[in-house]
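J.: pasting the sequence and the predicted coordinates here, then a few questions.
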Amino acid sequence: MIPEIGHFALIMGLVIAFVQGLFPIVGAQKGYASWVAVARPAARLQFLMLAVSFACLSWSFLHSDFSVLYVAENSNTKLPQIFKFSAVWGAHEGSLLLWALILSAWTAAVTVFGRGLSPLMMGRVLGVLGLVATGFLSFLIFTSNPFERLVPAVAEGRDLNPLLQDIGLVMHPPMLYMGYVGFSIPFSFAIAAMLGGRLDAAWARWSRPWTQVAWMFLTLGIALGSWWSYYELGWGGWWFWDPVENASFMPWLAGTALMHSLAVTEKRGAFKAWTVLLAIFTFSLSLLGTFLVRSGVLTSVHAFASDPSRGLFILLFLATVVGSSLALYAARASKVRSHVRFELVSRETGLLLNNVILVVTTVSILLGTLYPLIIDALGAGKISVGPPYFNSVFIPLTVPLAILIGVGTLARWKRDSFATIWRKVRVAFVASLVFGLVFPAVAMGHYSVKAGLGMVLAFWVFFTTLKVVKENARGRGLPGLSLSQWGMTLGHLGVAVFITGITLTSIYSLEEDVRLAPGDKYELGGYQFQFRGTTEVRGPNYKGTRGEVVVTRNDHLVTTLYPEKRNYLTGMPMTEAGIAPGLTRDLFVALGEPLDDKGAWAVRIYVKPYVRWIWLAALIMALGGLCSLADKRYRVLARRQGEAVAGGVA
Amino acid sequence: MKARHKRFTFLVAGLVVLASAAYLVIKGLNENLNYYFSPTEVIEGKAPPNHVFRLGGLVVPGSLKRDELGNEKTKNVLATFVVTDNKNSVKVRYKGILPDLFTEGRSVVTQGKLGPDGVFQADQVLAKHDEKYMPPEVAEMLKKAHKKGVAEMAGGSKP
């Protein structure tokens, strides 16, 4: 009964989404106010329906209703309660339902926080979101219904993929989807503004906080995924340039470009048409990401078993969204002229370069990700593009970007000169050279020129960002800085931390797969790892072996690690690494496999300096996003426009 | 600066960024494309020597062996196994720990170079999320090999 209610609510959601998409948009073009007024109640009702549907599916999971096929395939009575709930989005059908739920939640949020929007604009924005929801809900209902019944029901479910029975993975998809789907808001603002024929600074101001919040979630989502793959999946790797990872990284890069260009559009009224194009581009990449993950067209370590008809549906949907929005752009953008002049040396130019580099990087990654598909479609053979491609393209393109942070943020709007900028940055320049080149000699075991250069870059971003804070605080002190300025500062400090983490981890990591019998010692990076043998352990839905590894340094005990090898009820083996985290180094031990009957194991040992800084950077960046979001000018704006509308009505 | 000069400078800067990106992309692609080959293609000599490529297929049951040679000193972990497309087979050697979902009888994709002794030296064995999942290349290859085998059997039975 409950699953049928969920299914029914889902269908109602689709019908309402269609109404929410059709009436307000047609009404707005034809001038029927009553049709436009449908948007807001429809959006809220759609959210309610999807919430009911999601709740029903959750109920089926929590009560282990194995008469529902999706539940039977992804849950088990012995599964801990928290994972029964997270199993709702553990596979294709449920994760799409989560996608749709988040979309409707974002839409409902627009109806609440967008009170200052004109009814026409609101109608159009919600209408575009309604159309997107219509596409997704049809996909969900027609190709991947999570409420399909299993007749006859089974007594016990298959269990959730053990890789997903982990707190990192409980959080990762919702965060990622909040980001992906969040970019639908600036997208629909852009489309709505083009439909209305008014692309002014106002739409940029409206889109900005939404873009920042989506970007913040996406940052956290990607970081969580990377962290999870580090300790659970990747055997200590944190990024593989895998198609599915790229799928989340491309919207992030495009979204970063969008945030920066929205800033120019809002503050200076420049780059209007470009910003609209970026909004379309970012959301299209989010959709493409969903397509790549869900269609199984690419060989990926992350690929799940999939069904080609689903891929075709998403591809058609993607083509419709991209095609129609680009057509609209072609028709309308020619009218949009930015009549704002700026000189060659100015902050605008810096941000333009930022955008060019970010977009070119995104396109290069896109090319590398899709290249195997293109070659295959041409019948020229099966290929894969290796991670070295991405490194060899990404690093040279983004190094100038990091250098630019220091120059662009200190340049004045409209007009500046290299001489004034140089006066501002010269101290930072010298300091970063000195600190950067000396750092590896002082803090690391052996000197590496590459590490020195990487650290120069990190210190450069760090010192110039401090300089920006100092400039902004001149005359009014630190408390005088707006939250938006703190947001930028944190975002850029995050970049410095990120460069530090990547540089030191990639250059100084030590890794060894070794054979260890009980009592054996192995030395790596100055640490002595002693294997003490294994014991049997038993969990709620798995049996396993737990190793004990004592780590000492200069005969002092550092830590004892307990890596595990588990065998889940489904028959799937799992490796749980033993990790001793630290700010300057992680010690990582994982059990491979037993090698003989005397208790010897293949053991993987890692010493990874500064690896935490990579995820720490993401946290700092996300915090920056939160700060900008909370800036009071958005609240003031909402209130003022709300009053204006109220006044107009009275 | 005159507006015309300014536009010209922007144009040149844009072209420089694009050209360097194009250079990086083309160079990167040239050096890092890994073609995919089946055991049959490797046996037929289609795979390039001294170039990294991917080899995929099914792991022959009972073929997985731990190479104990030199273990006591270096403590290295070595494994060899045989990959097949049900028609031809290639031996694979891998230094390191195999992924959890590596199982005899199941599909696998490996990446590496073909050694002079005809043994594939893998430096990567791809793991998967999901035991139901089979890489599309492997699935297609098995289908092809199966069809070919059936055709040959049909052809061979004719007098």
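T.: Yes, it's here. Treat the numbers as computed from the prediction; the structure is a model and nothing was measured.
J.: show me where chain A has its strands.
T.: Under the criterion DSSP state E, strands of chain A are mapped to A:383-385, A:510-516, A:521-524, A:527-538, A:542-553, A:556-561, A:564-568, A:573-576, A:578-580, A:585-594, A:601-609.
J.: any stretches of chain B with poor pLDDT?
T.: In the predicted model of chain B, residues B:1-2, B:67-75, B:127-138, B:142, B:145-146, B:148-159 satisfy pLDDT under 70.
J.: repeat that for 80
T.: Residue ranges of chain B with pLDDT under 80: B:1-7, B:66-77, B:100-101, B:126-159.
J.: nearest residue to the middle of it?
T.: The centre of chain B sits closest to B:Arg54, judged by Cα atoms, centre = their mean, with a distance of 1.1 Å.
J.: sorry, back to before: in JSON lines, list the strands of chain A along with mean pLDDT, mean neighbour count and distance to chain B.
T.: Bear in mind the C-beta positions are built from the backbone N, C-alpha and C, glycine included. Converted to JSON lines, those look like this (pLDDT from 0 to 100; neighbours: other Cβ atoms under 10 Å in any protein chain shown; distance: least, Cβ to the nearest Cβ, whole Å):
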{"stretch": "strand A:383-385", "mean pLDDT": "83", "mean neighbour count": "23", "distance to chain B": "5"}
{"stretch": "strand A:510-516", "mean pLDDT": "89", "mean neighbour count": "20", "distance to chain B": "4"}
{"stretch": "strand A:521-524", "mean pLDDT": "92", "mean neighbour count": "14", "distance to chain B": "7"}
{"stretch": "strand A:527-538", "mean pLDDT": "93", "mean neighbour count": "16", "distance to chain B": "11"}
{"stretch": "strand A:542-553", "mean pLDDT": "94", "mean neighbour count": "18", "distance to chain B": "12"}
{"stretch": "strand A:556-561", "mean pLDDT": "95", "mean neighbour count": "14", "distance to chain B": "16"}
{"stretch": "strand A:564-568", "mean pLDDT": "89", "mean neighbour count": "20", "distance to chain B": "8"}
{"stretch": "strand A:573-576", "mean pLDDT": "85", "mean neighbour count": "20", "distance to chain B": "5"}
{"stretch": "strand A:578-580", "mean pLDDT": "93", "mean neighbour count": "19", "distance to chain B": "15"}
{"stretch": "strand A:585-594", "mean pLDDT": "91", "mean neighbour count": "22", "distance to chain B": "3"}
{"stretch": "strand A:601-609", "mean pLDDT": "92", "mean neighbour count": "24", "distance to chain B": "4"}
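J.: can you add distance to A:Trp227 and give these back as a markdown table?
T.: What follows is those, written out as a markdown table (distance: least, Cβ to Cβ, whole Å):
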| stretch | distance to A:Trp227 |
| --- | --- |
| strand A:383-385 | 25 |
| strand A:510-516 | 18 |
| strand A:521-524 | 22 |
| strand A:527-538 | 22 |
| strand A:542-553 | 22 |
| strand A:556-561 | 18 |
| strand A:564-568 | 18 |
| strand A:573-576 | 15 |
| strand A:578-580 | 11 |
| strand A:585-594 | 11 |
| strand A:601-609 | 13 |
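J.: what sits against the residue lying closest to A:Met250 once chain neighbours are set aside?
T.: Using Cβ to Cβ, 6 or more residues apart in numbering or on different chains and skipping residues adjacent in sequence, the residue nearest A:Met250 is A:Leu285, 4.6 Å away. By Cβ atoms under 8 Å, 6 or more residues apart in numbering or on different chains, the contact set of A:Leu285 is A:250-251, A:254, A:362, A:366.
J.: return the members of those residues classed as buried.
T.: Of the members of the contacts of A:Leu285, the ones counted as buried by neighbours, 16 or more other Cβ atoms under 10 Å in any protein chain shown, are A:250-251, A:254, A:362, A:366.
J.: tell me which of those residues fall in helices.
T.: Counted as lying in helices by DSSP state H, out of these, are A:250-251, A:254, A:362, A:366.
J.: domain boundaries for chain B, per the record?
T.: Segmentation of chain B into domains, based on automatic domain parsing, reads B:1-28, B:34-154.
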